[in-house]
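Asks: Take a look and give me a structure for this.
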Amino acid sequence: MFRQISALIIYACFILITASGSFASQNVYVEGVKFREDGIVEVDLEDKTDKDAQIVWTKQETVSVRDASGREVKAEMRKHDDDTFFLMIPNFLTDGRYSFSVDNLNYGRHSKIRVTSYFVATPHWKAEYDGPVAPGSSSGEPIGKTTLYIGEMEFKKGNELEIDIDDAVGHDNQIRWDSKEKIIVADKDGKTYPVRVKKYDKDEIELQIDGLASGTKYGIEIRGILYRGDKVTLVAEFEASNGWEYKDPRKK
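Replies: Numbering: from 1, shown residues only. Okay, here's the model as predicted:
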């Protein structure tokens with residue numbers, strides 16, 4: 001979806017690399033993620049210090065995929081080529097946001113590293129990155145750690161975006177807004193746009209976003225939401241079209 005979001009946006013949720021050594025964690029990262037309508041997720045790796053690095057398959061690799069509420073979903077891993085692997089997700093929710101982590105991966109000179117990222121189960125969805133930080137990873141955890149998720153969004157005339165946040169276990173009334181949340185909106189090229197909070201209301205937030213082009217899709221990341229004693233990050237995508245709406249299928 002979007003590139004590195006120390007200056008832009010993600011996921012998201014959600015690309016953080018952790019490894020057995022700090023060298024790997026600083027230089028190996030997920031360069032690209034693509035979702036296909038048949039439930040195949042293509043993941044490309046990159047190593048800043050070795051452009052010819054290859055995955056060494058040992059059959060010790062393990063994969064975990066979770067939905068936005070933190071529930072684990074069935075997934076299999078399949079090798080593809082020197083720096084790419086596939087995740088097979090047989091049962092997915094269309095437009096659902098998922099995080100994944102792969103452990104014990106050997107890539108080039110790096111042994112038993114972990115790579116984590118996210119994808120959106122929308123046909124032809126893809127994201128490209130040029131470093132190890134991406135939407136949803138700023139908290140240091142993959143998307144899905146908490147039960148919070150974006151239940152509804154509505155884009156209105158005047159570049160206003162209303163976001164309703166829900167909790168899969170019904171604790172959304174424990175969200176606490178303190179005006180310290182960091183909200184980032186960016187396009188696919190990484191350009192960011194000014195955001196102003198017009199209203200906080202329990203589990204809702206209303207934003208004014210300047211400079212958007214009508215009909216264009218943008219990513220949004222809300223960092224630092226106080227929720228049950230933790231700081232939570234939520235990542236989503238919206239379209240700047242008057243009357244555009246999104247509703248998560250879990251929303252009651």
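
Asks: Identify the residues contacting residue 152.
Replies: Residues in contact with residue 152 (Cβ atoms under 8 Å, 6 or more residues apart in numbering) are 162, 163, 164, 245, 246, 247, 248, 251. For the C-beta atoms, the positions are set from N, CA and C on the backbone; glycine is no exception.

Asks: Show me what the fourth one is bridged to.
Replies: Spelled out, that is residue 245. Legend: beta-bridge partners of residue 245 under DSSP bridges are residue 154.

Asks: For it, list the residues it contacts.
Replies: Taking Cβ under 8 Å, 6+ apart, we find residue 245 in contact with 152, 153, 154, 155.

Asks: Not counting its neighbours along the chain, what's nearest the last one?
Replies: Meaning residue 155. residue 244 (4.3 Å; Cβ to Cβ, 6 or more residues apart in numbering).

Asks: measure the one you found to residue 151 for me?
Replies: Distance from residue 244 to residue 151, counting by Cβ to Cβ, to the nearest Å: 16 Å.

Asks: residues near the residue nearest to residue 155, how many?
Replies: 15 (other Cβ atoms under 10 Å).

Asks: Distance-wise, check residue 57 relative to residue 197.
Replies: From residue 57 over to residue 197 (counting by Cβ to Cβ), the distance is 48 Å.

Asks: Kindly apply the preceding question to residue 98 instead.
Replies: Distance from residue 98 to residue 197, counting by Cβ to Cβ: 28 Å.

Asks: more crowded one of the two?
Replies: Higher neighbour count among residue 98 and residue 197: residue 98, with 28 against 13, using other Cβ under 10 Å.
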